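Peer 1: predicted model, plus sequence, below.
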Protein chains: 2
Amino acid sequence: MLESLFLNLGQHDFLSNEEKALLEGLMSSERDFAVGQDIVTSGSRPTYSTLILDGLAARYKVLADGGRQITSLQVPGDFVDLHAFLLKTLDHGIVALSPCHVIIADHSKLRSITEKAPHLTRLLWLDTLVDGAIHREWIVAMGRRSKVSHLAHLLCELFVRLQVVNRTNGMSFHLPVSQAELADVLGLSVVHMNRVISALRNSGVISWANHTVTILDWHKLQQIAEFDPTYLSMKREPR
Amino acid sequence: MLESLFLNLGQHDFLSNEEKALLEGLMSSERDFAVGQDIVTSGSRPTYSTLILDGLAARYKVLADGGRQITSLQVPGDFVDLHAFLLKTLDHGIVALSPCHVIIADHSKLRSITEKAPHLTRLLWLDTLVDGAIHREWIVAMGRRSKVSHLAHLLCELFVRLQVVNRTNGMSFHLPVSQAELADVLGLSVVHMNRVISALRNSGVISWANHTVTILDWHKLQQIAEFDPTYLSMKREPR
DNA sequence: CGAGCGCGCTAACATTTGATAATCCGCCGG
DNA sequence: CCGGCGGATTATCAAATGTTAGCGCGCTCG
């Protein structure tokens, strides 16, 4: 059930059976969300955090002029709002980009983990730190990379993250987002987003159809993106 | 000595005297860094985290073409790299933008805090979560705000953060960065950065000379920025 | 005191990105 | 089968942003 969470947390450090049991004990009900539905609404004060078991979700903010910016993408094994455990008030919305199957972790139980399981607490803390590292990489991509490089970087990141939780198929993965949604990730207009995708396609390093991305030339894609996975902390070491 | 750290952490929740003592016990030697000097180098694996007592620092990444993107600004009372405690390998550099007086917190001591002081651990965790919230706000600014609005938002954020640690003077604060450095924050060319600053100046909401920013019309600046300080979690509540 | 230098600022022009609108295509419901 | 609708794609033009170059001011250093 929590296999993808174990894969996610376990990539950074060894996860004991006791800790896995504690994580199981953390969870209560499962829920489902349809495409476009808010998993958590902006400004709310949830008393639980939500773990994705299956599906793709996005954190986003909406501005006064109606513009939307997606600030992160969450895949299976990710908590969409573990930070709300301590932040209390959520400053952004979280929307399901594909049908999402999730499970709930009560904050009261999370709190008791912080009181009695220091190592597991550090791993959960680490999970939010990797989140922050991804944010920083996105900031770099938005500020200083070409748009094609930004897109390439995003694809590299998604491929690697999905691979950790066994959601890739060879060099392909499912990416159930429209070009308009992707534009809200990169901060572009839909028209320009289309140009950028076409450019990357035409360079021959990826193919992209039916919401499935296939990496034809991983080395070259990584090169275009200047992708260095260090920030994802995928090495297992004592934390 | 640690007054600004106490003000910073204490803005989110009540900090007991015992906890303040624990934080004091965390610290070892003080150090100084000159302008332009790296406080921590990218790719290093520090065994301590660095707290700013005085000065302004920036996290940054450099791309292959020489372009630099600053991903965050750190003010007194901020740990520049608390995340390195669990991330282990630092994926970015940290540079002093003004002369920086800092103090060192050994990771071994931080670890023992996580073993025996759950509430203080949560507050330190929270500190890194606010960091992440700021990252998200920057992503939104980079992706969907106009450049003038982005700059206005940055000034609002800095003013509020500096106010918490008593580094403002009425409606003014010291901002010791060149326009080229600011361009590396917003992800713009130096020339365009200059245009944007001029535009905000000419709108009459701020004045800016000698590295000192004065907010002439806070309400209007906030309006241009669509600034909502919720993401900074400045409310004191149980965490 | 004079030269050099960093930094702010501007001009002129090139490139990127956005806005608007039209077309195409596949899918779905009547 | 037909019609409509959402998403992808393209064209055209406008606006934002980058590049290169140069000027001026104030400061430091010889």
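Peer 2: Thanks, I have it.

Peer 1: domain parsing for chain A?
Peer 2: Split into domains by automatic domain parsing, chain A comes to A:3-118, A:136-232.

Peer 1: to DNA strand D, which of those domains lies closest?
Peer 2: domain A:136-232 (3.4 Å; C-beta to the nearest atom of the strand). Backbone N, C-alpha and C define where each C-beta goes, glycine included.

Peer 1: thinking again about what came up before, relative to residue B:171, which of the domains of chain A is closest?
Peer 2: When the domains of chain A are compared by C-beta to C-beta, domain A:3-118 sits nearest residue B:171, at 24.4 Å.

Peer 1: now do the same end-to-end measure for the closest one.
Peer 2: The first residue of domain A:3-118 is 22 Å away from its last residue (C-alpha to C-alpha, to the nearest Å).

Peer 1: rounded mean pLDDT for the host helix or strand of residue A:86, please.
Peer 2: Secondary structure from DSSP states H and E places residue A:86 in helix A:84-87. Mean pLDDT, computed over helix A:84-87, is 98.

Peer 1: could the C-alpha coordinates of it be exported in CSV?
Peer 2: Extracted in CSV, the C-alpha atoms of helix A:84-87 (Å, rounded to 0.1, in the frame of the first residue of the first chain):
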residue,chain,number,x,y,z
ALA,A,84,1.2,22.2,6.3
PHE,A,85,1.9,20.1,9.4
LEU,A,86,3.9,23.0,10.8
LEU,A,87,3.0,25.9,8.5
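
Peer 1: which residues are in contact with it?
Peer 2: Helix A:84-87 is contacted from outside by A:40, A:45-46, A:49, A:90, A:107, A:110-111, B:122, B:125-126, B:129-130, B:133, B:233, B:239, using C-beta atoms under 8 Å, 6 or more residues apart in numbering or on different chains.

Peer 1: run the chain-centre distance for it.
Peer 2: Taking C-alpha atoms, centre = their mean, to the nearest Å, one finds helix A:84-87 lying 18 Å from the centre of the chain it belongs to.

Peer 1: who in chain A is up against DNA strand D?
Peer 2: A:178-180, A:190-191, A:194-195, A:197-198 (C-beta under 7 Å from any atom of the strand).

Peer 1: neighbour-wise, which of those leads?
Peer 2: residue A:197 (19 neighbours; other C-beta atoms under 10 Å in any protein chain shown).

Peer 1: look up how far DNA strand C lies from that one.
Peer 2: 12 Å (C-beta to the nearest atom of the strand, to the nearest Å).

Peer 1: ok so that residue is a strand residue?
Peer 2: No: judged by DSSP: H, G, I helix; E, B strand; the rest coil, residue A:197 forms no part of a strand; its state is helix.

Peer 1: what's the separation between it and residue B:63?
Peer 2: From residue A:197 over to residue B:63 the distance is 22 Å, taken as C-beta to C-beta, to the nearest Å.

Peer 1: same check on residue A:32?
Peer 2: 41 Å.

Peer 1: now swap in residue A:176 and tell me
Peer 2: Residue A:176 is 30 Å from residue B:63, where distance means C-beta to C-beta.

Peer 1: what of residue A:178?
Peer 2: 29 Å.

Peer 1: need the contact list for the residue nearest the centre of chain A.
Peer 2: Closest residue to the average C-alpha location of chain A: residue A:74 at 2.6 Å, with C-alpha atoms, centre = their mean. Residue A:74 is in contact with A:52, A:56-59, A:80, A:94, counting by C-beta under 8 Å, 6+ apart.

Peer 1: partner residues bridging it?
Peer 2: Applying DSSP bridges to residue A:74 yields these beta-bridge partners: residue A:57.

Peer 1: quick check: the residue of chain A nearest DNA strand C.
Peer 2: Taking C-beta to the nearest atom of the strand, chain A has residue A:192 as its residue nearest DNA strand C, at 3.1 Å.
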